[in-house]
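Trainee: attaching a predicted model along with its sequence, questions to come.
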Amino acid sequence: MSWTLRPRGLRARLVVAFVLVTVAGATAAAWSSARSASTALVTSNQQRLTASTADQLAAITPELSYPPDQAALDRIRIAVGENTLVTFRGMQSADGAAGLVPGTLRTAVQEQRQMVAQRITAEGKPWLLIGTPIMTTAVNGSRTPSGIEVYSVRDLTAVEQEIDSLTRTAVATSALALLPAVFLALLAARSVLRPVRDLRDTARRLADGDLSARTAPQGADELAALTDTVNEMAASLQDSMVTMQRMQSDARRFAADVSHELRTPLSTLTAVVEVLAGTTAGMEPDARESAELAVTETERLVRLVEDLMEVSRFDAGTAGLRLEETNLADAVRDCLRARNWLDQVDLVAADNVVLRCDRRRLDVIVANLVGNAFRHGEPPVLVRISVTQEEAAVEVTDNGPGLSEMVLPHVFDRFYKADAARTRTPGSGLGLAIALENARLHSGDLTASNNAHGGARFTLLLPRGLEKL
Amino acid sequence: MRTLVALLGVLTLAGCGIQPSGVSDGGEAPTGLATGPTLYFVDASQHLVAQPRQGGRLGTIADAIALLLSGPGGTGKLHTEITAGEVTRTDVAISPGVIEVRLPLTVDDVTSLGIDQLVCTTLAVHIQSGGSRNVKVRLVFTLATPESDRLRTCPLIS
């Protein structure tokens, strides 16, 4: 039997355990009853054979001459049956298998002065050895050995065959227990496994996001308790999710409301600051510096609010995509030209890369990436446009120190500042987040990495078959 | 698990067949050998006396009573109190506790000592053949008499 084939499934394990226990029990019971039956059979046969030998001897002794001659010994032997040995002092009368009688039995007969019996196995057969002295009894009842000893060897093969048939019946009975055991085990396994399967299905639905999935508990056993617990878990999970979603949407609406509310006062403020900027010429140097600072900060505030509103639109899912046929190289060149960056940027572009995209959003992305390259990296800044069958790539690299390992995972996070000390950068802190949202809006992606020789590299991937969407 | 299976296998195999045994007690040994029966006669002072015969074998109760009925013979010191006829054949029936002897005699053919002779001879043969000492003897005479219903014991064998 190979135990490497240990059953794995709950059903198989249940069936195997059930069958093993049942068969072991049935075998033990059958073995025990067969054993006691065979013991009783052997004992009763032994007693019967011993008693019949005693009776045969008692019937013949009064007719025997004493002291016996050879003829008398022969008469005893014939009266007892075949395979018998009769001895008297030096004389003996023997036939058949009488030679099987061992010395120990003869000693026992001489010492115990009564009938003795012994079972042996010889020549592949079971035998019963019966040995007895023949006594003489005085009128007063006292007994003395006559000197005649009788040994009889009886074949027990018939008894053994009976025992064998008993054993076979016992084995067959044990085997009969196998079938109902398998059937019952399958029934038990089914009743256990059905709730387990239901529970598994529910857990699968929960994992797939259906938080309303529940299992109706059946009965009042441990599995029903487990089902209840799973249901409670799902309910509390659902509650948490609802609360979290509400809080998230509250936070988004708050950001949207704040930025919206800030816009009107800001436009007034902008107008005031512009007036202020026009009059700096006649100011004292101190006052002019303050006025210029106010102008710069106001512009930054306006940009921040605009970025916040853009982010809010993304969060609310209201950001729309206006797709149009665009020549990628032209679009990037227009973007750079509009910001007077054409002279400082090396543009390597495959011509005639035409794809459908939102030009405004593409402009926002490219401007942010190139602006970042100037602001955080070192020139020369390289913009390379490449194309494959499925997508177009715009790659912006600089020759600065690159992005540190610590920064790299957070570079697209909102308001993430790479250098904690340099908090007052001109950017809003939302530029890369917005760029990533814009790329995703196109079903594309934006990734950050480092060049082999240092310097950050941002790669915008835009799919080409957007018209099919 | 492997041990359990092995154990079950061993036990199952051990349950099969007849196991050899040591020497065990098989009951009381048979008896019944004797050089001859013991007969009971009466001596000159009217006492019962055992007279062992050397017949070479014990024989049956009927054989012994036939010998008893034919008299003590020999020396003349012993005599019998039984007046026997020609016929010496008796029927003996042994049932649990009682030996019934049908005699070819009437109650007038025996004295009380003669009855003791018959009872003792019967019991002696019975005991020497391996029988119990506690059996009673009923002597049935040819003519109807209350003596035929009495259960008797031998004064010499208790």
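Mentor: Thanks, I have it.

Trainee: how far away is the residue lying closest to A:D334 once chain neighbours are set aside from A:A225?
Mentor: Nearest non-adjacent residue to A:D334, counting by Cβ to Cβ, 6 or more residues apart in numbering or on different chains: A:D363, 7.6 Å away. For glycine as for every other residue, the C-beta is placed from the backbone atoms N, C-alpha and C. Using Cβ to Cβ, to the nearest Å, A:D363 is found at 61 Å from A:A225.

Trainee: neighbour count: the two, which is higher?
Mentor: Shown here are A:D363 and A:A225; by other Cβ atoms under 10 Å in any protein chain shown, A:D363 has more neighbours (18 against 12).

Trainee: which residues does the more buried one contact?
Mentor: A:D363 makes contact with A:A331, A:D334, A:C335, A:A338, according to Cβ atoms under 8 Å, 6 or more residues apart in numbering or on different chains.

Trainee: just curious, which of these is nearest to chain B?
Mentor: Lowest distance from chain B to the contacts of A:D363 (Cβ to the nearest Cβ) belongs to A:A331, with 74.9 Å.

Trainee: and the contacts of A:D363, which of them are buried?
Mentor: Among the contacts of A:D363, those buried by neighbour count (16 or more other Cβ atoms under 10 Å in any protein chain shown) are A:A331, A:D334, A:C335.

Trainee: hmm, who's touching the helix or strand harbouring the last one?
Mentor: It refers to A:C335. With secondary structure defined by DSSP states H and E, A:C335 is part of helix A:328-338. The contact list for helix A:328-338 (Cβ under 8 Å, 6+ apart) reads A:342, A:345, A:347, A:349-355, A:357, A:359, A:362-363, A:366-367, A:370, A:383, A:385, A:387, A:392, A:394, A:462.

Trainee: in helices only, show me those.
Mentor: A:R359, A:L362, A:D363, A:V366, A:A367, A:V370 (DSSP state H).

Trainee: nearest to chain B, of the residues you listed?
Mentor: Distances from chain B to the ones in helices among the contacts of helix A:328-338, taken by Cβ to the nearest Cβ, are shortest for A:L362, at 70.8 Å.

Trainee: pull the contacting residues for that closest one.
Mentor: Counting by Cβ under 8 Å, 6+ apart, A:L362 has contacts A:T326, A:L328, A:A331, A:V332, A:C335, A:N438, A:L462.

Trainee: now the helices for the chain?
Mentor: In the absence of a named chain, chain A is used. Under DSSP H, chain A gives helices at A:10-60, A:70-80, A:103-112, A:157-176, A:178-207, A:222-278, A:285-316, A:328-338, A:359-376, A:431-441.

Trainee: right idea, wrong chain: chain B
Mentor: Using DSSP H, the helices assigned to chain B run over residues B:2-14, B:61-69, B:112-128.

Trainee: quick one: buried residues of the longest one?
Mentor: Residues of helix B:112-128 classed as buried: B:113-128 (neighbour count, 16+ other Cβ under 10 Å).

Trainee: just give me the closest of those residues to A:W127.
Mentor: Distance to A:W127, by Cβ to Cβ, is smallest for B:Q128 among the buried residues of helix B:112-128, at 33.3 Å.

Trainee: what count of nearby residues applies to B:G73?
Mentor: For B:G73, the count of nearby residues is 12 (other Cβ under 10 Å).

Trainee: ok, back up a step: pLDDT score for the residue nearest to A:D334?
Mentor: On pLDDT, A:D363 comes in at 91.

Trainee: with the one 5 residues further on instead?
Mentor: A:N368 carries a pLDDT value of 89.

Trainee: I figured it hits A:G429, correct?
Mentor: No: A:N368 is beyond contact range of A:G429, at 11.8 Å (criterion: Cβ atoms under 8 Å).

Trainee: between the two, which has more neighbouring residues?
Mentor: More crowded of A:N368 and A:G429, by other Cβ under 10 Å: A:N368, with 22 against 15.

Trainee: quick one: the more buried one from chain B, how far?
Mentor: Using Cβ to the nearest Cβ, to the nearest Å, A:N368 is found at 69 Å from chain B.

Trainee: what residues are up against that residue?
Mentor: Counting by Cβ under 8 Å, 6+ apart, A:N368 has contacts A:G431, A:L432, A:I434, A:A435.

Trainee: could you identify the most distant pair in the residues you listed?
Mentor: Pairwise over the contacts of A:N368, using Cβ to Cβ, the maximum falls at A:L432 and A:I434, 7.3 Å.

Trainee: neighbours of the residue in the stretch 201-350 of chain A positioned nearest to chain B, how many?
Mentor: With Cβ to the nearest Cβ, the shortest gap between the stretch 201-350 of chain A and chain B falls at A:E222, namely 26.1 Å. A:E222 has 10 neighbours, counted by other Cβ under 10 Å.

Trainee: and the pLDDT for it?
Mentor: For A:E222, the model assigns a pLDDT of 83.

Trainee: same question for B:C16.
Mentor: pLDDT for B:C16: 59.

Trainee: these two touch, right, B:S24 and A:M115?
Mentor: No: judged on Cβ under 8 Å, B:S24 makes no contact with A:M115 at a distance of 9.8 Å.

Trainee: and chain A, what are its domains?
Mentor: A:7-176, A:201-260, A:264-316, A:324-468 (automatic domain parsing).

Trainee: and the residue nearest the centre of chain B, what is it in contact with?
Mentor: Central residue of chain B (Cα atoms, centre = their mean): B:H126, 0.7 Å from the mean position. Contacts for B:H126 were tallied using Cβ under 8 Å, 6+ apart; they are B:I61, B:I94, B:I99, B:S132, B:V135.

Trainee: what is the most widely separated pair among those?
Mentor: Using Cβ to Cβ, these span at most 14.0 Å, a distance reached by B:I61 and B:S132.

Trainee: could I get the average pLDDT for stretch A:296-309?
Mentor: 86.

Trainee: buried ones in that stretch?
Mentor: Quick answer for stretch A:296-309 (16+ other Cβ under 10 Å): A:T298, A:L301, A:V302, A:L304, A:V305, A:E306, A:D307, A:L308, A:M309.

Trainee: just stretch A:11-25 next, same as before
Mentor: Result for stretch A:11-25 [16+ other Cβ under 10 Å]: buried residues A:R11, A:L14, A:V15, A:F18, A:V19, A:T22, A:V23.

Trainee: ok so, going back, between B:I61 and B:S132, which is the more surrounded one?
Mentor: B:I61 (24 against 11).

Trainee: check what pLDDT the more buried one gets.
Mentor: In the prediction, the pLDDT value recorded for B:I61 is 92.

Trainee: flag the shaky bits of chain A, pLDDT-wise.
Mentor: Regions of chain A meeting the criterion pLDDT under 70 cover residues A:1-8, A:417-427, A:466-469.

Trainee: ok, back up a step: ok, so of the contacts of A:D363, who is nearest A:R253?
Mentor: A:C335 (32.5 Å).
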